[in-house]
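Enquirer: Fold the following and give me the result.
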Amino acid sequence: MMPALRNRQNPPSTLFRNVSLVLVDRVVENGSLRVGADGRIVEIAETALASRPGEAVVDGEGRHLAPGWIDIHCHGDGEQSFFIEPEAVVETLLRNGTTGVLATLGYSQMEPGRLHAQIGGFWGSLSLRLRQSVLGLHLEGPYTSPKYGAASSRKGGCIYPPNSAEYGPILEDFGDIVRYWTFAPEHEGAIEFARAAHARGVVLAAGHTEAGVERLELFRGLGLRTATHWSNASGTPPTRFAGTREPGIDEFALLHDEIYAEVIPDREGCHVRPFLCRLLHKVKGARRVILISDATLAYVEGNEGREVNFNARGELSGSRLTMHAAARNYRAFTGCTLPELFCMGALNPARLFGWDAGVLEPGKRANLILFDDAFVLHGTWLDGERCA
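Expert: Numbers count the residues shown, from 1 in each chain. Down below sits the predicted model:
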């Protein structure tokens with residue numbers, strides 16, 4: 001069930017005790033965390049706090065308490081699409097520990113000439129309850145390269161160069177809703193698009209692209225902050241010397257500290273090989289990697305039981321991942337610590353977009369998950385209210 005908005009019948013505060021707190025730089029055993037009636041964290045202690053009169057108490061039984069996952073690249077829940085069944089998708093995400101998400105509209109679902117209407121219709125349909133979790137939109141296209149991505153070559157009507165007559169009204173009317181936009185910098189008109197989007201505070205990601213590093217350098221001051229699903233649907237420019245390769249967005253992201261790298265760590269290593277996850281983690285570190293699911297709707301039968309989605313042509317097309325599973329896989333691939341894991345899966349996206357969540361600190365939204373040493377979830381809280 002979707003969570004109710006907090007009201008005056010809620011207890012004045014909620015105390016989580018006997019929990020292992022996953023903080024930014026360490027894990028605190030037998031800690032306590034208090035949530036106020038406004039749904040924000042008011043106190044964190046490295047000892048057992050006594051409960052107050054009328055206060056609700058949650059005994060964590062020694063399990064880990066951490067910030068809820070934030071997924072900035074999510075088309076659905078592996079079965080349904082955000083833009084068809086948003087309530088069902090959000091329920092699935094909450095059950096699996098994702099408390100914040102950018103609903104992603106990809107080029108394959110975009111309707112040429114109706115993108116403005118699609119955005120307005122979707123956002124207008126969301127209830128206040130859904131907007132507790134759905135923090136905005138991510139547009140993955142239509143200004144990407146037709147060379148890269150599942151079915152991209154057959155969806156030419158949904159992939160084309162930036163068009164100011166289209167993106168201008170979108171930025172004007174939905175600049176505070178469209179928070180994130182993936183584009184291919186090699187397109188003619190991409191610089192003008194980036195300037196306009198950056199002026200409205202939109203975070204830009206380079207993806208589905210073969211832009212070279214010289215071209216990418218032009219966008220460093222124009223809002224480019226992220227490499228979309230690093231090492232996926234990306235290429236490099238034609239080589240200038242036989243037997244050599246040119247660097248592209250993946251290498252660009254490795255070099256520049258201010259550029260985040262999204263990563264999809266499915267269990268089979270289909271999207272990103274475990275070796276490449278280890279390389280990414282060694283070079284970028286936890287402060288510049290962002291875990292994503294890239295979960296999509298189910299295109300064909302036969303993907304059940306896997307963490308990846310394939311379309312009817314057999315092309316890798318997003319995933320069936322939850323953020324909790326993605327984090328478990330990335331930890332298995334790299335050996336990263338729990339604080340590092342939640343930095344990549346919660347704090348980094350919150351910092352990138354300026355959200356007051358993603359970390360256990362007083363004043364932050366009490367979006368929380370409880371899980372055990374086997375990484376099994378035992379509860380999700382949204383603004384201090386248990387919702388799964």
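
Enquirer: where do the helices sit along the stretch 201-350 of the chain?
Expert: Using DSSP state H, counting those that start in this stretch, the helices of the stretch 201-350 of the chain run over 213-217, 249-255, 274-284, 323-334, 338-342, 348-353.

Enquirer: Including mean pLDDT and distance to residue 115, could these go into a markdown table?
Expert: Just so you know, the C-beta spots here come from the backbone N, C-alpha and C atoms, and that holds for glycine as well. Shown next, in a markdown table, are those (pLDDT from 0 to 100; distance: least, Cβ to Cβ, whole Å):
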| stretch | mean pLDDT | distance to residue 115 |
| --- | --- | --- |
| helix 213-217 | 97 | 25 |
| helix 249-255 | 98 | 24 |
| helix 274-284 | 98 | 32 |
| helix 323-334 | 98 | 27 |
| helix 338-342 | 98 | 34 |
| helix 348-353 | 98 | 21 |
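
Enquirer: Out of the ones you listed, flag the one nearest residue 378.
Expert: Evaluated with Cβ to Cβ, the helices of the stretch 201-350 of the chain place helix 323-334 nearest to residue 378, the distance being 11.6 Å.

Enquirer: So which of the helices of the stretch 201-350 of the chain is nearest residue 22?
Expert: helix 338-342 (5.1 Å).

Enquirer: helix or strand right after the helix or strand encompassing residue 121?
Expert: If you go by DSSP states H and E, residue 121 is part of helix 115-125. Counting by DSSP H and E, the next helix or strand C-terminal to helix 115-125 is helix 128-131.

Enquirer: List the buried residues of that following helix.
Expert: 129, 130 (16 or more other Cβ atoms under 10 Å).

Enquirer: send the alpha carbons of that helix over as PDB?
Expert: Taking Å, rounded to 0.1, in the frame of the first residue of the first chain, the C-alpha atoms of helix 128-131 are listed here in PDB:
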ATOM      1  CA  LEU A 128       0.800  14.000  -3.700                       C
ATOM      2  CA  ARG A 129       1.600  10.600  -2.300                       C
ATOM      3  CA  LEU A 130       3.400   9.600  -5.400                       C
ATOM      4  CA  ARG A 131       5.400  12.900  -5.400                       C
END
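
Enquirer: Check the offset of it from the chain's centre.
Expert: Offset of helix 128-131 from its chain centre (Cα atoms, centre = their mean, to the nearest Å): 18 Å.

Enquirer: returning to what we had before: as a markdown table, the helices of the stretch 201-350 of the chain with distance to residue 238 and mean neighbour count would be great.
Expert: Below are those laid out as a markdown table (distance: least, Cβ to Cβ, whole Å; neighbours: other Cβ atoms under 10 Å):
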| stretch | distance to residue 238 | mean neighbour count |
| --- | --- | --- |
| helix 213-217 | 13 | 17 |
| helix 249-255 | 15 | 21 |
| helix 274-284 | 23 | 17 |
| helix 323-334 | 32 | 22 |
| helix 338-342 | 38 | 21 |
| helix 348-353 | 32 | 21 |
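
Enquirer: And for the residue lying closest to residue 194 once chain neighbours are set aside, the neighbour number?
Expert: Nearest non-adjacent residue to residue 194, counting by Cβ to Cβ, 6 or more residues apart in numbering: residue 222, 4.0 Å away. When neighbours are counted by other Cβ atoms under 10 Å, residue 222 registers 18.

Enquirer: ok, and what's touching the lowest-mean-pLDDT helix or strand in the chain?
Expert: Taking mean pLDDT, DSSP states H and E as the measure, the chain has strand 308-310 as its least confident helix or strand, at a mean of 86. By Cβ atoms under 8 Å, 6 or more residues apart in numbering, the residues outside strand 308-310 that reach it are 78, 266, 268, 270-271, 296-300, 302-303, 316-321.

Enquirer: Buried residues, that strand. List them.
Expert: Under the neighbour-count criterion of 16+ other Cβ under 10 Å, strand 308-310 has 308, 309, 310 buried.

Enquirer: Spit out the contact partners of residue 382.
Expert: 3, 68, 94, 99, 132, 133, 367.

Enquirer: In helices, which of the residues you listed fall?
Expert: Under the assignment DSSP state H, those contribute residue 94 to helices.
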